[in-house]
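*Asks:* Next one to model:
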Amino acid sequence: MTRSAPDRAELLDHLVRRRLAGPNIPTPRQKNLRSYRLFGQGDPEALMGLDPEGRWGPAAVLDLMAERCGVRPEFGYGQGPDRIDPERTVAALDRLAALLRRTAERRGSVLAGTGHPTQLAGFHGALVTALAGAGCAVRTPARGARLRTPTPSGDRLCAVDYLGPVAVLRALDGPARTGRLGSGSDLLHTHSAQPVRLLLAALAEAGHPPPDLLLGDHGWLCGAGRLGVPAGGPADSNDPAPFVGEAERTVAVAVPMDDGAQPACYRPLTDYVLQQADL
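*Replies:* Take a look at the predicted model:
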C-alpha cells in the first residue's frame with residue numbers, strides 16, 4: 001500500500017512531535033555553542049571540509065544559525081534546551097524538492113552518501129531511488145576502497161560500502177568491529193569530507209563527469225559543495241558548516257533538522273519532498 005505524503009500542516013506537526021524541530025530539540029544549547037566556537041576556531045571536525053570565505057567567529061555563527069535554523073539568538077543563553085524552527089525546516093525541504101525536480105527534468109546524475117548511516121541512509125536512499133525512476137543515472141563509485149578518516153572516536157581505517165544507492169563507511173578496525181561485517185555494527189559516523197573526495201576522484205578516473213547532484217549530510221555536503229557539485233541535505237543545529245556553506249553559496253540546500261532520530265521518523269519528510277518534486 002502506497003503511503004500518502006503529509007500536507008504542510010501535518011508535516012509541521014510531525015516535526016514537532018518527533019522533535020526533529022520545534023522548541024525542545026534533543027541537542028542542548030551548550031553543545032550547539034561549543035560547535036559554533038569550534039567552527040570559528042577552524043576545527044577540522046566542525047568545518048566538515050568547508051573552507052569558509054568570510055570570517056566566522058562564534059557570534060557570527062550564532063547569528064547565522066538563528067537566521068537559518070531558528071536557534072535562540074541570545075548569546076548569553078548558554079545552557080538548556082534549544083530549538084529549530086519547523087517552518088524553516090519545511091521551507092528548506094521545499095528548496096530541496098526544487099533541486100530534485102531540476103535534476104530529474106534534465107535526467108542528471110546523482111551521488112549520495114551519509115555520515116549518519118544508521119539514521120539517514122533511508123532518507124537519502126528514497127530520494128535517490130525516485131530520481132533513478134525518473135531516468136537519472138545513479139553513481140556508486142569506489143565500492144570497497146579503503147581509507148583512513150577522522151571520526152568522533154578518532155582516526156579509523158574503513159572501507160566505502162553502499163546501503164542501497166547511498167555510500168557509507170564501514171570500520172575495518174576498532175570497537176565498531178565487534179559485530180559481523182555488514183551487520184550494521186561496523187557503520188561509521190563521520191563528519192569527514194574525505195569520502196566524497198575519494199568518490200569524486202574515482203568518478204573522474206573512470207571518465208565520468210562530476211554528478212549533477214549530491215545528496216548527503218556532514219562532510220558529504222560540504223566536501224562536494226566545495227568542489228563545485230550542487231549538494232543538498234539535512235543539517236543539525238550543532239553542525240554550522242552546511243549552513244555557512246549555504247550562506248556562501250557553496251552548499252545548495254541545508255535543511256535544519258535533528259539528524260539523530262530513528263529512521264522511520266524521516267519517512268514523512270521524504271514523502272513530502274517527493275510529492276513537492278513531482279516524483
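
*Asks:* got a list of what residue 168 touches?
*Replies:* Residues in contact with residue 168 (Cβ atoms under 8 Å, 6 or more residues apart in numbering) are 113, 114, 117, 121, 160, 161, 162, 187, 188. Just so you know, the C-beta spots here come from the backbone N, C-alpha and C atoms, and that holds for glycine as well.

*Asks:* With adjacent residues omitted, what lies nearest to it?
*Replies:* If the residues on either side of it in the chain are set aside, residue 168 comes closest to residue 117, at 4.1 Å by Cβ to Cβ, 6 or more residues apart in numbering.

*Asks:* Now do the one you found: how many residues are near it, please.
*Replies:* Burial of residue 117 is recorded as 23 neighbouring residues (other Cβ atoms under 10 Å).

*Asks:* helix/strand/coil for the closest residue in space to residue 150 that isn't next to it in sequence?
*Replies:* By the measure of Cβ to Cβ, 6+ apart, the closest residue to residue 150 outside its immediate chain neighbours is residue 192, 5.3 Å from it. In three-state terms, and counting by DSSP: H, G, I helix; E, B strand; the rest coil, residue 192 is coil.

*Asks:* Below-threshold pLDDT in this structure: ranges please.
*Replies:* 1-2, 174-185 (pLDDT under 70).

*Asks:* mind listing the helices for it?
*Replies:* Using DSSP state H, the helices assigned to the chain run over residues 8-17, 29-40, 44-47, 58-68, 86-105, 117-133, 194-205, 218-226, 240-247, 267-276.

*Asks:* I figured the residue nearest to residue 168 hits residue 189, correct?
*Replies:* Yes: with contact defined as Cβ atoms under 8 Å, residue 117 counts as touching residue 189 (7.4 Å).

*Asks:* still on that earlier bit, most neighbours out of the contacts of residue 168, which is it?
*Replies:* Of these, with other Cβ under 10 Å as the count, residue 114 tops at 31 neighbours.

*Asks:* Next up, the contacts around that one.
*Replies:* Residue 114 sits next to 120, 121, 124, 166, 167, 168, 216, 217, 218, 220 when contact means Cβ under 8 Å, 6+ apart.

*Asks:* Residue 220 versus that one, what's the distance?
*Replies:* Separation of residue 114 from residue 220 (Cβ to Cβ, to the nearest Å): 7 Å.

*Asks:* can you count the residues close to residue 49?
*Replies:* Other residues near residue 49 come to 24 when the count uses other Cβ under 10 Å.

*Asks:* Backbone torsions only: list them for it.
*Replies:* phi 90, psi 0 (degrees, to the nearest 10).

*Asks:* For it, which residues are in contact?
*Replies:* Neighbouring residues of residue 49 by Cβ under 8 Å, 6+ apart: 192, 193, 194, 196, 197, 219, 222, 223, 226, 241.

*Asks:* Please apply the same query to residue 30.
*Replies:* Residues near residue 30 by Cβ under 8 Å, 6+ apart: 78, 79.

*Asks:* at 6 Å what do you get?
*Replies:* residue 79 (Cβ atoms under 6 Å, 6 or more residues apart in numbering).

*Asks:* again, but for residue 147
*Replies:* Taking Cβ under 6 Å, 6+ apart, we find residue 147 in contact with 194, 198.

*Asks:* Look up how far residue 169 lies from it.
*Replies:* As defined by Cβ to Cβ, residue 147 lies at a distance of 8 Å from residue 169.

*Asks:* Repeat that for residue 34.
*Replies:* To residue 169, residue 34 is 24 Å away according to Cβ to Cβ.

*Asks:* which one of these two has more residues nearby?
*Replies:* The neighbour comparison of residue 34 against residue 169 (other Cβ under 10 Å) goes to residue 169, with 26 against 14.

*Asks:* Kindly confirm whether my reading is correct that residue 25 touches residue 258.
*Replies:* Yes: shown here, residue 25 and residue 258 form a contact pair, counting by Cβ atoms under 6 Å, at 5.5 Å.

*Asks:* Neighbour count: the two, which is higher?
*Replies:* Per other Cβ under 10 Å, whichever of residue 25 and residue 258 has more neighbours is residue 25, with 26 against 23.

*Asks:* Now that one. Its backbone dihedrals?
*Replies:* Dihedral pair for residue 25: phi -70, psi 160, per degrees, to the nearest 10.

*Asks:* show me the contacts for it.
*Replies:* By Cβ under 6 Å, 6+ apart, residue 25 lies in contact with 19, 84, 258.
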